[in-house]
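>>> predicted structure and sequence below. I'll ask about it afterward.
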Amino acid sequence: MTWQRYNKNLKKISAFGGIFFVLDKFDRILSSVIDSHLGLRSRLIGYQHSEIIRAVFSVRITSTSP
């Protein structure tokens, strides 16, 4: 990687860059797998299984206590 590309990428990194990267991958890969295996919930409930698991996952990976 050249210095210019490295410097350009360095400007895009934020304090939450790693968390957003992981959650983006979660959405792209795991959301469809979770919803296909557990099935879609009713639209009246408001949230799909993948959204609930993503919320719990994001709280767990950002918490400081074990």
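That came in fine, so what should we check first?
>>> need the helices for this structure, in chain order.
3-12, 17-25, 31-38, 49-62 (DSSP state H).
>>> okay, now residue 44: neighbour count?
Look at residue 44: counted by other C-beta atoms under 10 Å, it has 5 neighbours. In this view, the C-beta of every residue, glycine as well, is placed from N, C-alpha and C.
>>> and it, how far is that from residue 37?
22 Å (C-beta to C-beta, to the nearest Å).
>>> over to residue 20?
Taken as C-beta to C-beta, the span from residue 20 to residue 37 is 25 Å.
>>> how near is the nearest residue to residue 58 once chain neighbours are set aside to residue 31?
Excluding its sequence neighbours, the residue lying closest to residue 58 (C-beta to C-beta, 6 or more residues apart in numbering) is residue 23, at 6.0 Å. Separation of residue 23 from residue 31 (C-beta to C-beta): 10 Å.
>>> find residues that contact each of these two.
By C-beta atoms under 8 Å, 6 or more residues apart in numbering, residue 23 and residue 31 have these common neighbours: residue 54.
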